[in-house]
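Q: Sequence first, then the predicted structure:
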Amino acid sequence: MATDVSPPEGGKDPSPDQHTPAEPTPASSTPAQPTTAQFVEVQESAEFGELRRTYRSFAFPLTIAFIAWYLLYVLLSNYAGGFMGTKLFGNINVALVLGLAQFATTFLIAWFYARHASRQLDPKADAIKSRMEADV
């Protein structure tokens, strides 16, 4: 059971009828938090809308493209066994190359997103965060 009461100083549990109120923490130890109204105001701002559009214009098309690429691989594996079994060189066939390409694509997308976020999203988000913290 969680309570707002801090543990006793002496290491002993107080008896059930001895409840001590939690001591207030000094205001300087915790940063002030924006109010709900301030969060809603920022959420409705044009700047936040632009941040969301920038994120969505990158993430949604790339996600759809990757899912389509993955489903193509699965469908080819299930319904085009002859094609997927075609040997390219030695014991390397089309299925193995496309399967490894799935991994390469995953890492490429992660790198591409990290680069996009650090150049496009993070500066905008940091600006919004700085203004919110300054207004508190």
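A: All right, it came through fine.

Q: Can you show me the strands along this protein?
A: 87-89, 92-93 (DSSP state E).

Q: the helices in this structure, which residues?
A: Here the chain has its helices, by DSSP state H, at 36-43, 46-79, 81-84, 94-116, 122-135.

Q: got JSON lines for the ones you listed, with mean pLDDT and mean neighbour count too?
A: Yep, even glycine has a C-beta here, placed from its N, CA and C like the rest. Formatted as JSON lines, the helices of the chain follow (pLDDT from 0 to 100; neighbours: other Cβ atoms under 10 Å):
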{"stretch": "helix 36-43", "mean pLDDT": "87", "mean neighbour count": "12"}
{"stretch": "helix 46-79", "mean pLDDT": "95", "mean neighbour count": "12"}
{"stretch": "helix 81-84", "mean pLDDT": "93", "mean neighbour count": "12"}
{"stretch": "helix 94-116", "mean pLDDT": "95", "mean neighbour count": "13"}
{"stretch": "helix 122-135", "mean pLDDT": "88", "mean neighbour count": "12"}
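
Q: Identify the residues contacting residue 42.
A: Contact analysis of residue 42 by Cβ atoms under 8 Å, 6 or more residues apart in numbering lists 34, 48, 128, 131, 132.

Q: Among these, which pair sits farthest apart?
A: The most widely separated members of the contacts of residue 42, counting by Cβ to Cβ, are 34 and 48 (13.1 Å).

Q: Same list (the strands of the chain) but as JSON lines, adding distance to residue 123 and mean pLDDT.
A: As requested, these are arranged in JSON lines below (distance: least, Cβ to Cβ, whole Å; pLDDT from 0 to 100):
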{"stretch": "strand 87-89", "distance to residue 123": "44", "mean pLDDT": "93"}
{"stretch": "strand 92-93", "distance to residue 123": "44", "mean pLDDT": "94"}
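
Q: Which one of the ones you listed lies nearest to residue 78?
A: That would be strand 92-93 among the strands of the chain, by Cβ to Cβ, at 15.6 Å.

Q: The closest one pairs with which strands?
A: For strand 92-93, the paired strands and their directions (DSSP bridges) read strand 87-89 (antiparallel).
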